[in-house]
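Novice: 3D model of this:
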Amino acid sequence: MKRKILCYALCLLTVFGTACGKEKPLEKITSKTTTAGVLAEIITGTTTITTTAPPSTTTVATTPAPVPVGQYNNLTGEMTLSKEAVGKRPVAVMVNNIVNALPQYGTYNADIMYECLVEGGITRLMAVYSDYTKVPDVCSIRSCRYYYPMLAMGHDAIYFHYGLDKTVAADTLDKLNTDHFDGGYWSQYFPVDKNRQGKYSREHTIYLDGDKIPKLLKNSGKRTSLNDEYNKPAFNFKKKKSAISQTKCTEAKISFSYSYYSTFKYNAKNGTYLKSHNGEAHMDSKAKKQLEYTNVFYLETTTQIINTKNNLISVDLNGGKGYYISMGNILPIKWSRASDTSPIVFTDEKGNELEVNPGKTYIGFAPKNKLTYK
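Specialist: The predicted structure is shown next:
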């Protein structure tokens, strides 16, 4: 019996050996053809079964490009806007920037941040948010100076502040027919932050209740749809981030006065510049994040005292020279505004419209020759 089984097995081997030819050695498993990799291909459906011999290397499944989330954001050039905010006016908020009021909050979420000198060599911020339905609580809110509503109207933004200079600022708001809300009159929307009471002076405790902005606009009857002339990108955005020049800039400092300056340090991993205020990280205390921007603009301007009683100053917003900093590079530019309610236009030194990387933007107006970088 055993002999019969042995003979039968030898016959089978002879038959299959003749049909298939010489047996090929098994392919060794390498780093390119690991079991985990093949398993991943089977799960994702990238492996194709054919009747021919398989290739010596396994095709690696490619990761699909991320699908853009949201609608086009005119202020950043990115697909981050909610459907409800498309075609709607942005919001511009005055933010106290005096050292005694720090840290602020709600500032990290701003799509565009302006910084300008005010009296006494200090600066004040204006944060611009593209979606008026998603503005966070912002603290601390401060008073209007006449040039800020001009910058806000360049975006057709609704302007929020607490108090104002009752001379040139009040005249400017009336002259330009600016849609604005003064926390001194709308106190229910500008409450006191109880967590800051006793730790800060009262003027540093007022905040804008972001959740109540839609209700405020509805009750006030203010226009919420963008005028057609402003319903376009704020800048000439590129489709993708890229280098802007061959001149490196990994750190920059804008000196507004002897005591107030802003510095920006490049984070190559994120492609952004981290902002510091007077040498300390400029933080949003609720977001627990340092302010950061894809684009940094230093715009040269001139200032002068226009009221010696309170040292109010004027800031020239007509145009001039400046620098554009982005993606680890720096580029000399020119800037201009056609009118008091027009957006800023950026060009290169030859007058060609400047291409701007998509992302959040910081714009600082400071005296001439007050930028240093390395």
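Novice: from memory His282 sits against Gln290, does it?
Specialist: Yes - here His282 reaches Gln290: they are 6.3 Å apart, a contact under Cβ atoms under 8 Å. Placement of C-beta: from N, CA and C, glycine included.
Novice: shared neighbours of these two, anything?
Specialist: Taking Cβ atoms under 8 Å, 6 or more residues apart in numbering as the criterion, His282 and Gln290 both touch Lys275, Ser276.
Novice: The two: which is more packed in?
Specialist: More crowded of His282 and Gln290, by other Cβ atoms under 10 Å: His282, with 24 against 17.
Novice: Please determine how far that one is located from Glu353.
Specialist: 30 Å (Cβ to Cβ, to the nearest Å).
Novice: how about the nearest residue to Lys212, chain neighbours excluded?
Specialist: Spatial nearest neighbour of Lys212, chain neighbours left out: Tyr189 (5.1 Å); criterion: Cβ to Cβ, 6 or more residues apart in numbering.
Novice: So what's the residue count around the one you found?
Specialist: Each residue near Tyr189 was counted by other Cβ under 10 Å, and the total is 19.
Novice: Helices along the stretch 151-300 of the chain, start to end?
Specialist: Residue ranges of the helices in the stretch 151-300 of the chain, as given by DSSP state H, counting those that start in this stretch, are 168-175, 213-220.
Novice: With mean neighbour count and mean pLDDT as new columns, can those helices be given to me in JSON lines?
Specialist: Listed next are these as JSON lines, based on neighbours: other Cβ atoms under 10 Å; pLDDT from 0 to 100:
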{"stretch": "helix 168-175", "mean neighbour count": "15", "mean pLDDT": "96"}
{"stretch": "helix 213-220", "mean neighbour count": "15", "mean pLDDT": "95"}
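Novice: okay, the ones you listed in a markdown table with distance to Arg196 next?
Specialist: Output for the helices of the stretch 151-300 of the chain, formatted as a markdown table (distance: least, Cβ to Cβ, whole Å):
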| stretch | distance to Arg196 |
| --- | --- |
| helix 168-175 | 26 |
| helix 213-220 | 21 |
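Novice: closest to Ser262 out of those helices?
Specialist: With Cβ to Cβ as the measure, helix 168-175 is the member of those nearest Ser262 (23.6 Å).
Novice: Which neighbouring elements make contact with that closest one?
Specialist: Where contact means 3 or more Cβ pairs under 8 Å, 6 or more residues apart in numbering; DSSP states H and E, helix 168-175 is packed against helix 147-153.
Novice: can you list the weak-confidence ranges in the stretch 51-200 of the chain?
Specialist: Scanning the stretch 51-200 of the chain with the threshold set as pLDDT under 70 gives 51-69.
Novice: Geometric centre of the chain: which residue is closest?
Specialist: Closest to where the C-alpha atoms of the chain average out (Cα atoms, centre = their mean) is Lys360, at 2.0 Å.
Novice: Would you agree it is in contact with Val296?
Specialist: No - between Lys360 and Val296 there is no contact, the gap being 10.0 Å when judged by Cβ under 8 Å.
Novice: related to what we said a few turns ago, nearest to Val91, of the helices of the stretch 151-300 of the chain?
Specialist: Of all the helices of the stretch 151-300 of the chain, helix 213-220 sits nearest to Val91, with 6.6 Å by Cβ to Cβ.
Novice: Extract the C-alpha trace of that closest one and format it as PDB.
Specialist: Taking C-alpha atoms only, helix 213-220 is exported to PDB below (Å, rounded to 0.1, in the frame of the first residue of the first chain):
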ATOM      1  CA  ILE A 213     -23.200  90.700  17.100                       C
ATOM      2  CA  PRO A 214     -25.800  89.100  14.700                       C
ATOM      3  CA  LYS A 215     -28.600  90.100  17.100                       C
ATOM      4  CA  LEU A 216     -27.100  93.600  17.400                       C
ATOM      5  CA  LEU A 217     -26.900  94.000  13.600                       C
ATOM      6  CA  LYS A 218     -30.500  92.700  13.100                       C
ATOM      7  CA  ASN A 219     -32.000  95.000  15.800                       C
ATOM      8  CA  SER A 220     -30.100  98.000  14.400                       C
END
